[in-house]
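K.L.:
Everything below, folded, please.
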Amino acid sequence: GEFPAGFSKFNGTIDEVRVYNFSLTADEVLAQYQNRTDLILASRTEENDTWQAAVTPNDGYEDGVTVFSNTLKIRSSPSQDDPILNSTYGTNLTTENLTAYNISTFDIQGDAIKNIYNWFRNNTPIAVANLPFEGGSNATFTKDYSSLENNGIVNGPGWRNSSGYDGFGAYNFSGAGANNITLKNTASLNITGNQLSIEAWIKPYGSGNRQIIARAAGTASTQRQYGFWLNAFGSIALEINNGTNNVALAGGVVPNNAWAHVVGVYNGKNIIIYTDGVQKNIGAQTGNITAQVSDVHIGEFPAGFSKFNGTIDEVRIYNISLTAEQIREHYRNRTNLISPSMTVEKETWNATVAPNDGSKDGEIKTTKNLLVRRAIELVFGSGGQLKMNSTGGYNVTMTIANQPLVKLNSSDYNVTLGWSIMGRGG
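P.N.:
Residues are numbered from 1 along each chain as shown. Reported below is the predicted structural model:
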């Protein structure tokens, strides 16, 4: 209340004096202002710290007995070395799979680890929202791993780290009351081209229309941009607004109380529905998707309609069309693999890998880039064929009529020919 020697005397009331031997962060100061002295923020803790609190009750006259809490040791995050990205045969051709390998994930507690993959084509993520609902999710927040920060705001659904189709975490939707996860309106979620894919794992209950994903400002047709739901017949439906009308296609039947991998694709020519890696319906459709200003809603339609009853896991939204081959790989839980049906000559691909131990991520690392090369093919001219001619009965040459043997990007390639003797006279 005063400086030494009686200078600068304070005039007023002072309360709750604390002195720390470390610097408080802005978030910690805010928590103290909000009277959250019972809270230690995550930014204050470090791996292998041991924490304990002493609680002293006071009735305004005197203290009661101080009681100490249990001790709590801060867990370490899983670790990994640099992941590797390879093609099937190491030649990076358009005919090969691309596979990201996490070769050294380690968790000091011995927890099971799930590696969360996110793919980039020409330095752009192919998913505009990648929400696996794994450890680190909670009652208010779930992380987007697409790198676009389309994180989910949770309002009602309960998260369990042992739930999910793979046992690593999912959200349970009650089908009533507060029942949604919201991704706030962003440019990346406003998909306006002629490519869209939505996928999720679901375990439904109940009946009627049950919304999985909706991007809509309201219920009117002009307010709906895209939607993905389980209809009253138990079929998966995808809707898009192409500016002329709202077009929906449904297919397959998803039974209650069982996990199903469900995907809806629009590729500019067709809407296609898949369940468990198998195409269930296809319908012709063209046109670009109409722009809309809206949040994305998971688990219900805006204004609380068509609430989902059950569990939703592994939600992803893409502004590209997934191929049938890629969808089959995702159904097989091969999210670390890109099918050759997804790649084109001269594209550059890489992937990030986030190891998750059921409670939090380790350091997210990125593979090196891989440049896709075109697979080499023999090219014949019109009516051309491979011919064998002899010279003097001794030397044999191979020629192709009308065109060079192989021509790719203005460069000639050597071709190795295998020879076999079909028969020899005496």
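K.L.:
what's around the closest residue in space to S162 that isn't next to it in sequence, how many residues?
P.N.:
Closest residue to S162 apart from its sequence neighbours, by Cβ to Cβ, 6 or more residues apart in numbering: G169 at 7.6 Å. No exception for glycine: its C-beta is placed from N, CA and C like everyone else's. Number of residues near G169 (other Cβ atoms under 10 Å) recorded here: 24.
K.L.:
again, but for I14
P.N.:
Neighbours of I14 (other Cβ under 10 Å): 7.
K.L.:
ok, now G177?
P.N.:
Per other Cβ under 10 Å, the neighbour tally for G177 reads 9.
K.L.:
Now the phi/psi pair for Q279, please.
P.N.:
Backbone torsions for Q279, taken as degrees, to the nearest 10, come to phi -70, psi 130.
K.L.:
Quick check, D82 in contact with K365.
P.N.:
Yes - assessed by Cβ atoms under 8 Å, D82 is found in contact with K365 at 5.8 Å.
K.L.:
who has more neighbours, these two?
P.N.:
Set D82 next to K365 and count neighbours by other Cβ under 10 Å: K365 wins out with 16 against 12.
K.L.:
hey, where'd the helices end up in this protein?
P.N.:
For the chain, the helices defined by DSSP state H occupy 26-33, 324-331.
K.L.:
Please point out which parts of the last one sit buried.
P.N.:
Buried positions in helix 324-331, judged by neighbour count with 16 or more other Cβ atoms under 10 Å: Q326, I327, R328, E329, H330, Y331.
K.L.:
Show me which pair in these is furthest apart.
P.N.:
Farthest-apart pair in the buried residues of helix 324-331 is Q326 and Y331; separation 9.9 Å (Cβ to Cβ).
K.L.:
on that earlier part again, could the helices of the chain go into JSON lines alongside mean pLDDT and distance to W259?
P.N.:
Compiled in JSON lines, the helices of the chain are given as follows (pLDDT from 0 to 100; distance: least, Cβ to Cβ, whole Å):
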{"stretch": "helix 26-33", "mean pLDDT": "91", "distance to W259": "38"}
{"stretch": "helix 324-331", "mean pLDDT": "98", "distance to W259": "11"}
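K.L.:
Distance to V67 added to those helices, as TSV?
P.N.:
As requested, those are exported to TSV (distance: least, Cβ to Cβ, whole Å):
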stretch	distance to V67
helix 26-33	22
helix 324-331	51
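K.L.:
Tell me which of those helices lies nearest to A284.
P.N.:
A284 sits nearest to helix 324-331 of all the helices of the chain, at 16.7 Å, using Cβ to Cβ.
K.L.:
Show me what the closest one is packed against.
P.N.:
With contacts taken as 3 or more Cβ pairs under 8 Å, 6 or more residues apart in numbering; DSSP states H and E, helix 324-331 sits against strand 260-266, strand 270-275.
K.L.:
Give me whichever of the ones you listed is most buried.
P.N.:
strand 260-266 (a mean of 25; mean count of other Cβ atoms under 10 Å).
K.L.:
gap between the two ends of stretch 147-167?
P.N.:
24 Å (Cα to Cα, to the nearest Å).
K.L.:
Quick one: distance of that stretch to the chain centre.
P.N.:
Taking Cα atoms, centre = their mean, to the nearest Å, one finds stretch 147-167 lying 12 Å from the centre of the chain it belongs to.
K.L.:
Show the average pLDDT along that stretch.
P.N.:
Stretch 147-167 shows a mean pLDDT of 94.
K.L.:
where in this structure is pLDDT low?
P.N.:
47, 75-76, 376-426 (pLDDT under 70).
K.L.:
what about 80?
P.N.:
Residues of the chain meeting the criterion pLDDT under 80: 42-43, 46-48, 73-77, 106-109, 375-426.
K.L.:
Which residue would you name as the spatial centre of it?
P.N.:
The C-alpha lying nearest the average C-alpha coordinate of the chain belongs to N130 (Cα atoms, centre = their mean; 2.4 Å).
K.L.:
quick one: contacts for that residue?
P.N.:
I116, N118, D144, Y145, S146, R316 (Cβ atoms under 8 Å, 6 or more residues apart in numbering).
K.L.:
Just give me the neighbour total for S23.
P.N.:
With other Cβ under 10 Å as criterion, S23 counts 6.
K.L.:
where does it sit relative to N11, distance-wise?
P.N.:
The spacing between S23 and N11, counted by Cβ to Cβ, to the nearest Å, is 29 Å.
K.L.:
and if you look at P204?
P.N.:
Taking Cβ to Cβ as the measure, P204 falls 67 Å from N11.
K.L.:
Settle it for me: which of those two has more neighbours?
P.N.:
P204 (24 against 5).
K.L.:
dump the residue contacts of the more buried one.
P.N.:
By Cβ under 8 Å, 6+ apart, P204 lies in contact with R210, L230, V254, N256, N257, A260, F308, N309, G310.
K.L.:
switch the cut-off to 10 Å
P.N.:
With contacts defined as Cβ atoms under 10 Å, 6 or more residues apart in numbering, P204 is in contact with 173, 175, 210, 212, 230, 234, 254-260, 262, 308-312.
K.L.:
Can you tell me which of those are buried?
P.N.:
Buried subset of the contacts of P204 (neighbour count, 16+ other Cβ under 10 Å): 173, 175, 210, 212, 230, 254, 259-260, 262, 308-312.
K.L.:
in the stretch 151-300 of the chain, which spans are strands?
P.N.:
Secondary structure of the stretch 151-300 of the chain (DSSP state E, counting those that start in this stretch): strands at 152-155, 158-160, 170-174, 180-183, 196-204, 210-216, 224-230, 236-241, 246-251, 260-266, 270-275, 278-284, 296-298.
K.L.:
Over to the stretch 1-150 of the chain?
P.N.:
Secondary structure of the stretch 1-150 of the chain (DSSP E, counting those that start in this stretch): strands located at 50-51, 54-55, 67-68, 72-73, 84-87, 98-101, 114-121, 124-125, 127-131, 141-142.
K.L.:
Distance to V344 added to those strands, as JSON lines?
P.N.:
Below are those laid out as JSON lines (distance: least, Cβ to Cβ, whole Å):
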{"stretch": "strand 50-51", "distance to V344": "52"}
{"stretch": "strand 54-55", "distance to V344": "63"}
{"stretch": "strand 67-68", "distance to V344": "63"}
{"stretch": "strand 72-73", "distance to V344": "50"}
{"stretch": "strand 84-87", "distance to V344": "14"}
{"stretch": "strand 98-101", "distance to V344": "12"}
{"stretch": "strand 114-121", "distance to V344": "9"}
{"stretch": "strand 124-125", "distance to V344": "14"}
{"stretch": "strand 127-131", "distance to V344": "18"}
{"stretch": "strand 141-142", "distance to V344": "33"}
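K.L.:
returning to that earlier point: I'd like the distance between the residue nearest to S162 and N138.
P.N.:
Counting by Cβ to Cβ, the separation of G169 from N138 is 10 Å.
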